[in-house]
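Chemist: okay, predicted coordinates and the sequence, questions at the end:
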Amino acid sequence: QRQLVESGGGLVESGGSLKLSCTPSGRTFDNYERAWYRQAPGAPRKDREFVAAIDWSGETYYSTSVKGRFTISRDNAKNTVYLEMNDLNPADTAVYYCNANLGGATFWGQGTQVTVSS
C-alpha cells in the first residue's frame, strides 16, 4: 500500500499550468524532506530525474530545467506537498513521483501523469 498519493496530473497545452499535490496515506511525514521526481516516457526507473525538494524548514531546491517555472511548497498542518508548474513545455511530459526521505528511509507515491502537448 502506497503511503504517498499524488494527484493533479493531466493533459495541458504548451505554456499552460498544473498544480500537483502529494498527500500521505496512513501515516505522517513530519520532518521528512519532501521532493518531486519525474520519469520520462520509456525511461527506466534508474533515470528518474530530480525536479524539486523542500526540507522541514521550508528551504527549497530545484533542478536547473525547472527553476523559475516550478514552485514546491508544503502545508505542514496537512502534511501535504505541492508542485506548481507554470510555462509547461513538451519536455516536461513525464510521470511525476512524490518522495519523502529521512535518514535513508525513503517512500514513493504511485506517480501521476503529466502530458504537455505542443
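Modeler: Thanks, I have the structure now. All of these numbers come straight from a predicted model, not from anything done at the bench.

Chemist: which residues does Gln39 bridge with?
Modeler: With DSSP bridges as the criterion, Gln39 is bridged to Val95.

Chemist: for the residue nearest the centre of the chain, pull up the helix or strand it's in.
Modeler: Centroid-nearest residue in the chain: Trp36, 2.8 Å away (criterion: Cα atoms, centre = their mean). Taking DSSP states H and E as the definition, one finds Trp36 inside strand 33-39.

Chemist: give me the buried positions along the helix or strand just after that strand.
Modeler: Heading C-terminal from strand 33-39, the first helix or strand you meet, by DSSP H and E, is strand 49-54. Within strand 49-54, the residues that count as buried by 16 or more other Cβ atoms under 10 Å are 51-54. C-betas here are computed from N, CA, C, even on glycine.

Chemist: how about the CA coordinates for strand 49-54, as PDB?
Modeler: Provided in PDB are the C-alpha atoms of strand 49-54 (Å, rounded to 0.1, in the frame of the first residue of the first chain):
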ATOM      1  CA  GLU A  49      15.000  12.800 -12.600                       C
ATOM      2  CA  PHE A  50      15.100  15.100  -9.600                       C
ATOM      3  CA  VAL A  51      12.700  18.000 -10.000                       C
ATOM      4  CA  ALA A  52      12.400  19.900  -6.700                       C
ATOM      5  CA  ALA A  53      12.700  19.400  -2.900                       C
ATOM      6  CA  ILE A  54      11.700  21.100   0.200                       C
END
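
Chemist: how far does it sit from its chain's centre?
Modeler: Strand 49-54 has its average C-alpha position 7 Å from the chain's average C-alpha position, going by Cα atoms, centre = their mean, to the nearest Å.

Chemist: so what does the next helix or strand after it touch, helix or strand wise?
Modeler: Where DSSP H and E defines the elements, the next helix or strand beyond strand 49-54 is strand 60-62. Other helices and strands packing on strand 60-62, by 3 or more Cβ pairs under 8 Å, 6 or more residues apart in numbering; DSSP states H and E, are strand 49-54, strand 70-75.
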